[in-house]
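# Dropping the sequence and predicted coords here.
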Amino acid sequence: MVNYSYKSIENQHDNMRDKWFKPRIDNKLLKDLMKRRDGPGWLNTILYFSLLFITGYIAYLSWGKWWAIPAFFAYGTVYAFSNARWHEYGHRSVFKTRKLNDFFYEISCFIAYFESVSWRWSHTHHHSRTIHQGVDYEIQVTRPSNLLDLFLIDLFGIKRVYFEFKKIFLHSLGIMTQVALDCVPENQRYKMIWTSRIYMGIKLIFIVWAYLIGSFLPLMFIVLPQLYGSPILQLTTMLQHGGLKADTWDHRESTRTVILNPIHGWLLYFNMQYHTEHHLFPQVPFYNLPKLHEAIKDQLPSPNKSFIDGLLEMIPAIIKQSKDPKYYFTKNIPA
């Protein structure tokens with residue numbers, strides 16, 4: 001979810017809110033949809049981390065056996081979807097209390113290979129300038145698209161993990177990357193440096209542990225899952241904006257909503273399949289996004305009917321963009 005060619009975005013902190021298209025919605029309904037409740041957040045969080053523990057235990061039992069491959073792929077897939085969790089906890093919309101959101105945000109960022117301080121600030125730019133090239137730091141599908149990167153190298157998270165690890169390593173040494181200079185306020189950089197050092201320290205412990213016991217097993221649970229477990233996550237996150245219009249002030253042109261099954265969508269992905277709705281009203285908690293969709297769907301393009309339907313729309317568009325960076329799939333927007 002990252003554009004790895006960072007450009008300076010100084011003076012881009014101005015308020016872009018008024019430029020974006022906003023759908024019509026009753027103010028009272030919107031206020032109700034924006035109310036936070038702990039119950040749905042706890043239910044999802046407990047079920048997700050329970051599933052992570054269960055699949056991890058099964059994977060541990062499978063070590064050295066033929067069924068280790070599907071067992072670790074299942075664990076890695078659940079692990080990799082922490083990518084969606086840092087996002088929602090980072091919006092502080094899962095729970096009513098800031099402390100609970102921040103606690104799980106830190107855990108999810110560590111799991112997902114995202115340093116928590118820099119990503120909180122860079123994600124602000126993603127919402128204020130969504131898919132605006134050279135400004136948005138979270139463009140996953142660049143123009144022209146690189147098919148080798150997207151569907152082979154980064155399908156397994158290799159490029160993303162490499163650049164995130166490099167960023168965390170440099171920050172841990174006190175060396176500022178461009179994204180830190182552009183996005184992170186000076187008074188937050190000290191916290192970013194120490195967070196990066198903690199991340200590096202924990203991962204180093206697991207690497208040393210694996211070396212001392214002469215086994216990759218510890219790394220299969222902490223360091224490597226974001227690689228071998230990434231394919232479904234990467235394709236799911238590509239659907240957010242892949243193949244759509246860039247440099248527009250209408251989220252309906254640059255963002256995609258896809259209908260997913262409850263395990264894929266609600267449990268693993270925190271309802272981020274309602275991505276157009278999320279960008280239109282980021283303050284609405286994940287558990288109210290389906291209701292928001294129903295309230296404004298007459299003003300939005302029709303959602304993709306399934307994960308496969310979304311891929312069938314996105315992949316041909318990305319292939320065309322590899323040859324023509326100006327091409328984009330045009331969504332049918334209601335008049």
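Nice, I can see it.

# where does this structure dip in pLDDT?
1-18, 125-129, 131, 134 (pLDDT under 70).

# ok, 80 please
Across the chain, the ranges flagged by pLDDT under 80 are 1-19, 123-141, 335.

# got the buried residues for the longest helix along it?
As assigned by DSSP state H, the longest helix anywhere in the chain is helix 186-213. Buried residues in helix 186-213, defined by neighbour count with 16 or more other Cβ atoms under 10 Å: 188-189, 192-193, 195-197, 199-200, 203, 206, 210. For glycine as for every other residue, the C-beta is placed from the backbone atoms N, C-alpha and C.

# do the same with stretch 91-99
Of the residues in stretch 91-99, those buried by neighbour count under the rule 16+ other Cβ under 10 Å are 91-95.

# which one of these sits closest to Ile222?
Val94 (23.5 Å; Cβ to Cβ).

# how close does the closest one sit to Tyr105?
Separation of Val94 from Tyr105 (Cβ to Cβ, to the nearest Å): 9 Å.

# same question, Trp209
In terms of Cβ to Cβ, Trp209 sits 26 Å off from Tyr105.

# Check Leu29 too.
28 Å.

# Compare those two and say which one has the larger neighbour count.
Tyr105 (24 against 13; other Cβ atoms under 10 Å).

# quick one: contacts for the more buried one?
Going by Cβ atoms under 8 Å, 6 or more residues apart in numbering, Tyr105 touches 86, 89-90, 92, 116, 120.

# by contact count, what packs against the longest helix of the chain?
helix 116-128, helix 158-172, helix 217-221 (3 or more Cβ pairs under 8 Å, 6 or more residues apart in numbering; DSSP states H and E).

# Figure out which of those helices is closest to Phe307.
Ranked by Cβ to Cβ, the member of the helices and strands packed on helix 186-213 that lies closest to Phe307 is helix 158-172, at 20.4 Å.

# helices or strands up against the closest one?
helix 186-213, helix 225-228.

# Next, the angle helix 158-172 makes with the longest one.
When you say that, I think you mean helix 186-213. Inter-element angle recorded for helix 186-213 and helix 158-172: 110 degrees (by axes from the mean of the first three to the mean of the last three Cα atoms, to 10 degrees).

# Tell me who's in contact with Met34.
Residues near Met34 by Cβ under 8 Å, 6+ apart: 281, 283-285, 288.
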